[in-house]
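In: model this:
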Amino acid sequence: CPHLRSSLVYMAYLQLLLWCLVALCGRACYASIRFANTYSSNMVLQRAPLSAHIWGVSSDFDDPVTVSLGGEQYPAQVSGNFWYLNFPPLKQGGPFNLTATGTQSGSVTLNNVMIGEVYLCGGQSNMQFTVLMGFNATEEVADAARYPQIRVTTIGQTNISSTPLTELIALEQQWTQASPASIGGNIWDDFSAVCWFFGKKLADANPGLAIGLISNNWGGTIIEAWSSPDALAKCNISSKSYDDNNDFNVDNDDIKDSNKFFNDDVDSTLPNPNQNSVLWNAMISPYLSHTIYGVLWYQGESNINEALKYACMFPAMIQDWRAKWVNNNDFYFFFVQLAPWSAGKSSMVPDTRNAQLVALNLPRVGFATAVDLGDVGSPYTNIHPRDKQDVSARLYNAASVVAYGENNPAYDYPWVRNVTFSYKTDKTIAALVSFATPQTLVLKPMTCPQGIDTNNCDNWSFYLSDGKWYPTTTQSIVASSSGDQVEVTISFDIVGRGKPRGLRYGYSSWPLCTVFNSEGMPAIPFEWLD
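Out: Residues are numbered from 1 along each chain as shown. From the prediction side, this is the model:
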């Protein structure tokens, strides 16, 4: 069988050739080096004055690794199979090739890498809410073509872990240049509307600056899921599952009322994300090694029945993230005060809005209020207002002042400073409301939208010594040398009701916001008690 003999000779030749190749190249044939899976081509590294941080894995133990970027070479630190590098502060620019080369493990290159500003966008469904779902979606998606300097990545809603991870389990959208395709993906998938519109505002204000946006969120989730055990412990919360925590004596009826408004956000086909620390472990921990400039946060709807807990958990989470981030990065943090929606018992949402504001006691924290941006006609239920452009513009206003040191009067919301009570007549009580900074105020009419229970709406309410709240809508502007004030009055038979003890403004799940400054920014809802 000459044919068989020739085939056997050929196979023996191939086998001999393979052994020769193995002998010649040795272990290098099997060597490899890579970046951690949160890094990829098209990404943005944080610019100066912060130090960008990268890391990766090598197949060779303690193999020296050199990193090159923009013509410069930097020796990485190596520990076992891991290598990592803190760059010196880098000047904005690009695009660059980013290459990691091991002495034995070969090399790997990321292309089209920029140096600029990096923000992580976290929270629940109103941050997950995508550009395609909002107002002017067609125009906004097409407009993404004008912003190739913005780079985006989306984590997706599949990462859950009972222990802290160094890398993501899965990634929905790797780093990519902004384009109609990358910004106008499937609804609820990519890309986050609040995150994107903030990035556009930042890009418009800083021509030539590359901006990296990390969409890292999960609809319907509680703050405990995003918090480490250390942060939970600061508020006397154990590392047990959310359902097992009774430290704050939460009313079961409140839980039922609030659940019906956010449970639809959670995909029932996926593992339960509402367990303590599971999203911190799987979605935040892998990014601790990324240098970021700031965080945008839109969350709280799933915690509306527990304002006291939130007032502790929210600042504790921020402080804990900062302490654990690479280089103890004291990054900026900007959050959204919850928008109106028809959410069960009227006091649960305003109490949580107040709890959110406790975080402003921390340094480098700002906020955007959405209390006047309700959307009763949203096809995604009114807990998901479609106007994300104004939300993001207000987040940018906060960043322009807190992070970039600008003088932006649009961030100067009217905050209550003092309330004084008097009697106009024997049946008319007046409250004079003054605000923290001198401003010109404007009154705008507003009524409870059709389809919203009037018990969920509130404009002004007086609290009398009989222990009851009495609503009113009678208001007027009073000019003053220290800025405009608002006088609120209520008239009825006072006998048996007692003296005025407090005043509320917009203190409901659906605030009737009627007081604005000359920049069009709403007064912050409040509850004032003598």
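
In: What are the boundaries of the strands in the stretch 201-350 of the chain?
Out: 210-217, 294-298, 332-337 (DSSP state E, counting those that start in this stretch).

In: Let me know the average pLDDT across the shortest one.
Out: Yep, that's strand 294-298 we're talking about. Strand 294-298 shows a mean pLDDT of 98 in the predicted model.

In: residue nearest the centroid of the chain?
Out: Trp297 (2.2 Å; CA atoms, centre = their mean).

In: Now do that one against Lys444, distance only.
Out: Per CB to CB, to the nearest Å, Trp297 is found 28 Å from Lys444. From N, CA and C alone the C-beta is placed, and that goes for glycine too.

In: Tell me where the model's unsure across the stretch 401-530 of the chain.
Out: For the stretch 401-530 of the chain, the stretches flagged by pLDDT under 70 are 495.

In: let's see it at 90
Out: 423-427, 437-438, 453-455, 473, 479-484, 491-499, 530 (pLDDT under 90).

In: where do the strands sit along it?
Out: 416-425, 428-435, 441-443, 457-458, 460-464, 469-472, 474-478, 485-491, 500-505, 510-511, 515-517, 526-529.

In: Out of those, which one sits most buried?
Out: strand 510-511 (a mean of 28; mean count of other CB atoms under 10 Å).

In: mind putting the strands of the stretch 201-350 of the chain in JSON lines, distance to Ser32 included?
Out: Formatted as JSON lines, those follow (distance: least, CB to CB, whole Å):
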{"stretch": "strand 210-217", "distance to Ser32": "26"}
{"stretch": "strand 294-298", "distance to Ser32": "33"}
{"stretch": "strand 332-337", "distance to Ser32": "37"}
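
In: I figured Tyr84 hits Ala76, correct?
Out: Yes - applying CB atoms under 8 Å as the test, Tyr84 and Ala76 come out as touching, 6.2 Å apart.

In: So which of these two has more stuff around it?
Out: Remark: of Tyr84 and Ala76, Ala76 carries more neighbours, 20 against 17, as counted by other CB atoms under 10 Å.

In: so that one sits right up against Thr99, yeah?
Out: No - between Ala76 and Thr99 there is no contact under CB under 8 Å: 11.4 Å.

In: which stretch of helix or strand covers Val67?
Out: strand 65-69 (DSSP states H and E).

In: Could you list the residues in contact with that strand?
Out: 33, 54, 56, 58, 73-76, 78, 83, 85, 87, 90, 96-103, 105, 113 (CB atoms under 8 Å, 6 or more residues apart in numbering).

In: can you pull the alpha-carbon coordinates of the helix or strand that it is followed by into PDB?
Out: Sequence-wise, the next helix or strand downstream of strand 65-69 (DSSP H and E) is strand 72-75. Taking Å, rounded to 0.1, in the frame of the first residue of the first chain, the C-alpha atoms of strand 72-75 are listed here in PDB:
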ATOM      1  CA  GLU A  72       6.700  56.200  27.000                       C
ATOM      2  CA  GLN A  73       7.600  53.000  28.900                       C
ATOM      3  CA  TYR A  74       6.700  52.200  32.500                       C
ATOM      4  CA  PRO A  75       7.800  49.200  34.500                       C
END
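
In: Mind listing the strands the very next helix or strand once past strand 72-75 pairs with, and their directions?
Out: For strand 72-75, the succeeding helix or strand toward the C-terminus, using DSSP H and E, is strand 77-79. With DSSP bridges as the test, strand 77-79 is paired with strand 82-86 (antiparallel).

In: Output the strand it pairs with as PDB - backbone C-alpha positions only.
Out: Included here for strand 82-86 are C-alpha records, laid out as PDB according to Å, rounded to 0.1, in the frame of the first residue of the first chain:
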ATOM      1  CA  PHE A  82      -0.600  39.700  38.600                       C
ATOM      2  CA  TRP A  83       0.900  42.900  37.300                       C
ATOM      3  CA  TYR A  84      -0.200  46.400  37.900                       C
ATOM      4  CA  LEU A  85       0.800  50.000  37.300                       C
ATOM      5  CA  ASN A  86       0.100  53.400  38.700                       C
END
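
In: Work out the gap between the next helix or strand after that strand and the centre of the chain.
Out: Going down the chain from strand 82-86, the next helix or strand is strand 93-102, by DSSP H and E. Distance of strand 93-102 from the chain centroid (CA atoms, centre = their mean, to the nearest Å) equals 29 Å.

In: How about strand 93-102, which residues are buried there?
Out: Gly94, Pro95, Phe96, Leu98, Thr99, Ala100, Thr101, Gly102 (16 or more other CB atoms under 10 Å).

In: cool, and stretch 55-74?
Out: 55-60, 63-69.

In: With stretch 449-459 instead?
Out: Per 16+ other CB under 10 Å, stretch 449-459 contains these buried residues: Pro449, Ile452, Asn456, Cys457, Asp458, Asn459.

In: And stretch 121-139, by the same measure?
Out: So stretch 121-139, judged by 16+ other CB under 10 Å, has buried residues 121-134, 137.

In: Please narrow the residues you listed to those residing in helices.
Out: Ser125, Asn126, Met127, Gln128, Ala137 (DSSP state H).

In: Who are the contact partners of the second one?
Out: Looking back up the chat, that one is Asn126. When contacts are counted by CB under 8 Å, 6+ apart, Asn126 touches Val194, Tyr298, Gln299, Glu301, Val336, Ala339, Ile383, His384, Pro385.

In: per-residue pLDDT, it?
Out: Value for Asn126, per-residue pLDDT: 97.

In: Filter the contacts of Asn126 down to the ones in helices?
Out: Checked against DSSP H, the contacts of Asn126 include these in helices: Val194.

In: Derive a ChimeraX selection command for the buried subset of the contacts of Asn126.
Out: Selecting only the buried entries of these in ChimeraX, with 16+ other CB under 10 Å as the criterion:
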select :194,298,299,301,336,339,383,384,385
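
In: nearest to Ser228, of the contacts of Asn126?
Out: Gln299 (15.8 Å; CB to CB).

In: Can you give me the buried ones in stretch 101-116?
Out: Under 16+ other CB under 10 Å, the buried positions of stretch 101-116 are Thr101, Gly102, Gln104, Ser105, Gly106, Val108, Leu110, Asn112, Val113, Met114, Ile115, Gly116.

In: if I pick the fourth one, what's in contact with it?
Out: Ser105 is in contact with Ala31, Ser32, Ile33, Ser58, Ser59, Asp60, Asp63, Val65, counting by CB under 8 Å, 6+ apart.

In: how about a cut-off of 6 Å?
Out: Ala31, Ser32, Ile33, Ser58, Ser59, Asp60, Asp63 (CB atoms under 6 Å, 6 or more residues apart in numbering).

In: same check, this time on the last one
Out: Residues in contact with Gly116 (CB under 6 Å, 6+ apart) are Val44, Arg47, Gln92, Leu209, Ala210, Ile211.

In: Let me have those in CSV, adding neighbour count as columns.
Out: Converted to CSV, these look like this (neighbours: other CB atoms under 10 Å):
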residue, neighbour count
Val44, 27
Arg47, 21
Gln92, 17
Leu209, 18
Ala210, 24
Ile211, 24
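
In: quick one on the thing from earlier: can you tell me which one of the contacts of Ser105 sits lowest on pLDDT?
Out: Per-residue pLDDT puts Ala31 lowest of these, at 63.

In: And the closest residue in space to Val326 that isn't next to it in sequence, how far from Leu171?
Out: Excluding the flanking residues, the one nearest Val326 by CB to CB, 6 or more residues apart in numbering is His53, at 4.6 Å. Distance, His53 to Leu171, by CB to CB: 19 Å.
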